[in-house]
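Participant: dropping a prediction and its sequence here:
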Amino acid sequence: MANSVYQINKGINQSIEFKGLKAQYIWYLGGGVVALLIVFAVMYIIGLPTYLCIGIILSAGAFLIMKIYAMSNKYGEYGLMKALARKQVPKLIKSRSRKIFIGTKEKQS
């Protein structure tokens with residue numbers, strides 16, 4: 001029998017990465033491109049000059065790409081979700097009564 005050569009897939013359980021974009025940022029960029037296509041179609045149907053539409057969409061697209069890549073580099077794969085969750089944690093909790101703390105002892109076995 002001849003010796004067989006098998007390649008090992010070393011990317012198992014790793015997040016998707018495409019040209020430096022990590023994980024969910026690929027979806028954000030795709031959604032942004034679709035939104036830009038729709039905006040271009042609306043502007044064209046309204047009757048704006050074609051070169052004006054193209055200029056606006058190209059500048060908005062360049063801004064979108066720069067922002068998405070900046071977020072991907074700054075936050076990484078899960079950092080954006082962690083930053084958004086951190087903003088929803090209250091800074092302080094006010095309690096005008098002790099009622100919620102009375103009677104909350106756990107039963108000891």
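Facilitator: Perfect, I can see it now. Predicted model only: the values in this text are computed from it and were never measured.
Participant: where exactly do the strands run in the protein?
Facilitator: Using DSSP state E, the strands of the chain run over residues 17-18, 21-22.
Participant: now for those, which one comes closest to residue 78?
Facilitator: Closest of the strands of the chain to residue 78 is strand 21-22, at 9.3 Å (criterion: Cβ to Cβ). Yep, even glycine has a C-beta here, placed from its N, CA and C like the rest.
Participant: partner strands of that closest one, with direction?
Facilitator: Sheet pairing here is set by DSSP bridges, and for strand 21-22 it gives strand 17-18 (antiparallel).
Participant: now tell me what touches the strand it pairs with from outside.
Facilitator: Residues outside strand 17-18 that contact it (Cβ atoms under 8 Å, 6 or more residues apart in numbering): 23, 26.
Participant: pLDDT on that strand, on average?
Facilitator: Here strand 17-18 scores 75 as its mean pLDDT.
Participant: need the longest helix for this protein.
Facilitator: Ranked by residue count and defined by DSSP state H, the top helix of the chain is helix 50-75.
Participant: so where's this protein shaky on pLDDT?
Facilitator: 1, 8-11, 103-109 (pLDDT under 70).
Participant: show me where it has helices.
Facilitator: With DSSP H, the ranges of helices along the chain come out as 25-46, 50-75, 79-87.
Participant: about what we covered before: what residues sit buried inside the longest helix of the chain?
Facilitator: Buried residues in helix 50-75, defined by neighbour count with 16 or more other Cβ atoms under 10 Å: 53, 57, 61, 64, 68, 71, 72, 75.
Participant: return the distance of that helix from the chain's centre.
Facilitator: 15 Å (Cα atoms, centre = their mean, to the nearest Å).
Participant: go on, stretch 18-25?
Facilitator: Counting by Cα atoms, centre = their mean, stretch 18-25 comes out at 9 Å from the chain centroid.
Participant: that stretch spans what distance, first to last residue?
Facilitator: 10 Å (Cα to Cα, to the nearest Å).
Participant: buried ones in that stretch?
Facilitator: Quick answer for stretch 18-25 (16+ other Cβ under 10 Å): 21, 22, 23, 24, 25.
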